[in-house]
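[1] Give me a 3D structure for the following:
(2 chains)
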Amino acid sequence: MPTIVVDVMPKAELLDPQGKATTSALDRLGHGKFQNVRIGKRFEFTVDGDVTEAVLAEVRKVADDVLSNSVIEDVVAIRVDGTEVAVTDAADGEAR
Amino acid sequence: MAVRIGVPTFPGSLDDRDAQRAIRIAGAEPVPLWHADHDLQGVDAIVLPGGFSYGDYLRPGAIAAIAPIMTEIIDAANKGMPVLGICNGFQVLVESHLLPGGLIRNANQQFIRRDQKLVVENNDTAWTHQFERGEDIIVPLKNGDGGYIANDETLKRLEGEGLIAFRYAEVNPNGSLNDIAGLTNERGNVVGLMPHPEHAVEPGFGPDTPAAMRSGVDGLRIFHSAIEVIAARV
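    Model (predicted):
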């Protein structure tokens, strides 16, 4: 059963309060060299059968419509059994 | 016949009973609705209550926005039914795309509870027409994810078209862009705000005001506004 992984990150230009708090905690522990911590989400799920183009299109749709909110987040990566695939349909033609 | 206002309860809604109570105090009949139903029971308006629907899993309001009852609420809102979203209800409205933008964790990471001064920026909506434009009101605020954000283009449109219903006054408690506390849609029937007008409807149980402790009832006019609009229509 193939495993699909979707990575979602808060948009780079937006304040990430969790990341900011973690950055200052690291600094307090003497790890000030690590800057700009940003915290995102990783979704893992399995799917019955082969991951066809149609299934991938459905994964992208779910990633855009449900797993992320495009106002505040970006889908940054989709992987099928560890192999990265495009996060947008080729038909969209729009690079993220 | 009394105006009937529906209040859906989602798993994790907390202020559904308070919203129902506010509707009753304002003179309308509250109608409890259930998240798993597809039935609005013929109500005239909807109040999406505060709380932590679905434990804020995924994103605050995100799972409630795709709950069964929301199909009918989104449809009714698009046809002009007055819909108010309070706190988590506001988050549900932005996740449903009935209002633009998004709400993220408060800038200071704290859950904030305070009696908050707001400025009424738009008094031409179903829920705000009993206020004066520019009027200061005091309504309790209590949230962890109240930081309003939107891209520059959306903010410009909100400002240009007067779609900001309420702005935080004196203190911006959560880092909301342009001090935005609440929004309306273009039509003025859908309004969402982070502070809780349903907790400012009865003397003795409201926010502190300069006049007296717990005396604030500014939230009442939000409900009176919608009731008046509906009653005038019948």
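[2] For chain A, see how far away residue B:82 is.
    24 Å (CB to the nearest CB, to the nearest Å). Heads up, the C-betas are built off the backbone N, CA and C, glycines and all.
[3] contacting residues for that residue?
    B:44-46, B:126-127, B:189-190, B:226, B:229-230 (CB atoms under 8 Å, 6 or more residues apart in numbering or on different chains).
[4] Among those, name the ones in helices.
    By the criterion of DSSP state H, membership of the contacts of residue B:82 in helices covers B:226, B:229-230.
[5] Scan these and report the most crowded one.
    residue B:226 (31 neighbours; other CB atoms under 10 Å in any protein chain shown).
[6] pull the longest helix from chain A.
    Across chain A, the helix with the greatest residue count (assigned by DSSP H) is helix A:17-28.
[7] low-scoring stretches of chain A, by residue?
    A:90-96 (pLDDT under 70).
[8] where along it do the helices fall?
    All helices of chain A, identified by DSSP H, fall at A:17-28, A:53-62.
[9] Output those in TSV, with distance to residue A:34 and mean neighbour count appended to each entry.
    Below are the helices of chain A laid out as TSV (distance: least, CB to CB, whole Å; neighbours: other CB atoms under 10 Å in any protein chain shown):
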stretch	distance to residue A:34	mean neighbour count
helix A:17-28	5	15
helix A:53-62	32	14
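[10] Around chain A, pick out the residues from chain B.
    B:58-59, B:62, B:66, B:94-95, B:100-102, B:104-109, B:147, B:149-151, B:175 (CB under 8 Å from any CB of the partner chain).
[11] Take these and keep only those in strands.
    B:102, B:104, B:147, B:149 (DSSP state E).
[12] show me where chain B has strands.
    Taking DSSP E, the strands of chain B run over residues B:4-9, B:29-34, B:45-48, B:83-86, B:102-104, B:112-120, B:136-143, B:147-149, B:164-168, B:180-184, B:190-193.
[13] Pipe those into TSV and attach mean neighbour count and mean pLDDT per row.
    Putting the strands of chain B into TSV (neighbours: other CB atoms under 10 Å in any protein chain shown; pLDDT from 0 to 100) gives the following:
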stretch	mean neighbour count	mean pLDDT
strand B:4-9	25	98
strand B:29-34	18	98
strand B:45-48	29	98
strand B:83-86	30	98
strand B:102-104	27	93
strand B:112-120	19	96
strand B:136-143	22	96
strand B:147-149	25	94
strand B:164-168	24	98
strand B:180-184	28	98
strand B:190-193	29	98
